[in-house]
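A.B. asks: Task: produce atomic coordinates for the following.
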Amino acid sequence: MPSGSHNGVSPVHHHSDYYLKDGNITFLVEDTLFRVHRHFFETESQFFMKEFELRAPKEGTSDSSAFRLDKVTIADFAKFLWVWYSPSYRRESKPKDHWLTILELSTIWQFPEMKKLAIDELQKLEIEPIEKITTYDKYQIDQSLLLPAYKLLCKRAGRMSIEEGEQLKLHTVLGIQEARERAIRSAAEGGCRSPTSADVADEELERILVDVFSLKGHTANRQGAPPPANEVPIVQTPKPPVNGATNGSKSSASGSNDNKQKDANKNSGSGKK
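C.D. replies: Residues are numbered from 1 along each chain as shown. Next up is the predicted model:
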C-alpha cells in the first residue's frame, strides 16, 4: 500500500507479503518497503553484520530511514525472503530460476547456509550440462557435484560446439576432450569394435573423470541424490527465554540442588554414628 514519500523523493509502497507488523528492520528495494526480522541477517551474514555496524544506528528502524538495498529487484528480494518465511519451502517445488536467484544473492550477501540450500535444490533439478558447469564455476561450487554433467558431455554422440566451448573455461574443455579420448581407448581395450566414448562402462568413465578433474567425494554427491540429513539447517525465529532462563538451565539448576541435598543427607547420616 502507498506510504507517502520517502525523504521527499518519490512515493514508496509496502510489500504485500513481506511488510510484517512485528518486523524490526525495514529495507527499501526500488520503490518498495520490506519490514522483516533483523535476526536472520545478523546471525549468518558477515556482509550484513558489517553493514549494520557501519551505518547509522537508527537506519532501518522506520520507513523514513529504511535500509536501502541496491542492485537487487523487488521480485528477487521477495524470493530471497521466501526461504525464511515460507514454512512449506522444503515441500514446495520451485523452478530453476527461483533457486538461481537465491544462489546468487546468498553468495553476494554471504549467507553460507542458504547457499547450501540453493545448491541442494539445484542438484534435484535437470540442468543442461553446459549451463550447470558454468553456473557452478561462477559461484565456486564443489566441482565434484559436476560429475554427472561431465559424464553427459563425454557420452553424447557429438563433440562440444564452438559456442559451447566458448562458455566453458579452457581447462574444462581440455579435460572433457582428454576424458573422451581415454574412454575410447578403454572401450577398445575391452574388445569394442569402432568404439566411442559412450561405449565405456559408467564406472570406468567416472574413474577417468575423477582422475582428469581431480574430483573428491563424488560418490556422495550425484545429481538426484537426496542431501545428507541435517546438511542444511532450517532457520527458525528465535523464541525468547521464559523468565530469563531456558528449560535446559532450569533442569540443570534443579539437578544441582538435588545433588546438594543428597550430599547434605549423607553428611548428616555419617554424623550420627
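A.B. asks: rest of the way, CA atoms for contacts and neighbours
C.D. replies: OK.
A.B. asks: host element of Thr26?
C.D. replies: Assigned by DSSP states H and E, Thr26 falls within strand 25-29.
A.B. asks: Other residues contacting that strand?
C.D. replies: 33-38, 60-63, 65-70, 72-74, 77 (Cα atoms under 8 Å, 6 or more residues apart in numbering).
A.B. asks: Can you show me the strands along the stretch 1-150 of the chain?
C.D. replies: 2-6, 10-19, 25-29, 32-36, 67-69 (DSSP state E, counting those that start in this stretch).
A.B. asks: Compare these and give me the one nearest Glu92.
C.D. replies: Set against Glu92 and scored by Cα to Cα, the strands of the stretch 1-150 of the chain come closest in strand 10-19, at 17.4 Å.
A.B. asks: Pull the distance from the closest one to the chain's centre.
C.D. replies: 27 Å (Cα atoms, centre = their mean, to the nearest Å).
A.B. asks: try stretch 191-198
C.D. replies: 41 Å.
A.B. asks: Tell me, how many residues neighbour the residue nearest to Glu164 when sequence neighbours are not counted?
C.D. replies: Spatial nearest neighbour of Glu164, chain neighbours left out: Ile130 (6.8 Å); criterion: Cα to Cα, 6 or more residues apart in numbering. Neighbours of Ile130 under the rule other Cα atoms under 10 Å: 17.
A.B. asks: Can you name the residues that contact Ile130?
C.D. replies: With Cα under 8 Å, 6+ apart, Ile130 has these contacts: 149, 164, 167-168.
A.B. asks: Which of those residues has the largest number of neighbours?
C.D. replies: Counting neighbours by other Cα under 10 Å, the top entry in the contacts of Ile130 is Ala149, with 18 neighbours.
A.B. asks: Could you pull up the contacting residues of it?
C.D. replies: By Cα under 8 Å, 6+ apart, the contact set of Ala149 is 128-130, 132-133.
A.B. asks: Give me the buried subset of the contacts of strand 25-29.
C.D. replies: The neighbour-count test (16 or more other Cα atoms under 10 Å) marks 33-38, 60-61, 63, 65-67, 74, 77 as buried among the contacts of strand 25-29.
A.B. asks: Tell me the one of those nearest Glu51?
C.D. replies: Out of those, the member with the shortest distance to Glu51 (by Cα to Cα) is Phe67, at 9.7 Å.
A.B. asks: Tell me the confidence at the closest one?
C.D. replies: Looking at Phe67, its pLDDT reads 94.
A.B. asks: returning to that earlier point: top of the contacts of Ala149 by neighbour count?
C.D. replies: For the contacts of Ala149, the largest number of neighbours (other Cα under 10 Å) sits with Ile133, at 22 neighbours.
A.B. asks: Grab the nearest non-local neighbour of that residue.
C.D. replies: Leaving aside its chain neighbours, Ile133 sits nearest to Leu146 (6.6 Å; criterion: Cα to Cα, 6+ apart).
A.B. asks: how many other residues sit next to the one you found?
C.D. replies: Leu146 has 22 neighbouring residues, counting by other Cα under 10 Å.
A.B. asks: so who does it touch?
C.D. replies: When contacts are counted by Cα under 8 Å, 6+ apart, Leu146 is found next to 132-133, 136.
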